[in-house]
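Engineer: Sequence and predicted structure are below.
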Amino acid sequence: MDLKVFIALNETVCGECGEKLPGRSWITLVEGKGALCLSCADLDHLVFLPSGDAALTRRSTKYSTLSAVVLMWSRARKRYERQGILVEEAALER
């Protein structure tokens, strides 16, 4: 199962640490806890790789033990659109 990280359009509050997160914050949704900031979800050590280079994305995902897809809601298309992935820095360099 792929982890999903969402770019929140509105202000939200982290369900674990209680920190206020401004609009366009990166969050992950956890059942029972709600929205979590990347620090509380233990994803803050990952590096963002924007979409556009399919070969680099494939290789980085292959070599990374932990990866997450970054999604943002498109109001025009009324669906979530992929913005890129979060991978470990060592996998990106490799």
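Structural biologist: Perfect, I can see it now. Residues are numbered from 1 along each chain as shown.
Engineer: Check this structure for its longest helix and report it.
Structural biologist: Secondary structure of the chain read by DSSP state H shows that its longest helix is helix 54-63.
Engineer: Which residues does that one contact?
Structural biologist: Applying Cβ atoms under 8 Å, 6 or more residues apart in numbering, the external contacts of helix 54-63 come out as L49, S51, S67, G84, I85, V87, E88, A90, A91, L92, R94. The C-beta positions use only the backbone N, C-alpha and C, and glycine is treated the same way.
Engineer: ok, which stretches of the chain are helices?
Structural biologist: 54-63, 89-93.
Engineer: Can you work out which other helices and strands pack against the last one?
Structural biologist: Packing partners of helix 89-93 (3 or more Cβ pairs under 8 Å, 6 or more residues apart in numbering; DSSP states H and E): strand 47-50, helix 54-63.
Engineer: which of the contacts of helix 54-63 count as buried?
Structural biologist: Buried members of the contacts of helix 54-63, counted by 16 or more other Cβ atoms under 10 Å: L49, S67, G84, I85, V87, E88, A91, L92.
Engineer: Tell me which stretches of this structure form strands.
Structural biologist: Ranges of strands in the chain, per DSSP state E, are 3-7, 12-13, 20-21, 26-30, 34-37, 47-50, 68-74, 79-87.
Engineer: picking up where we left off before, can you point out the buried residues in the longest helix of the chain?
Structural biologist: Residues T57, S60 are the ones in helix 54-63 that count as buried (16+ other Cβ under 10 Å).
Engineer: Could you do stretch 44-51 as well?
Structural biologist: Across stretch 44-51, burial judged by 16+ other Cβ under 10 Å covers L46, L49.
Engineer: any low-confidence regions in the protein?
Structural biologist: Where the chain drops to pLDDT under 70, the residues are 1.
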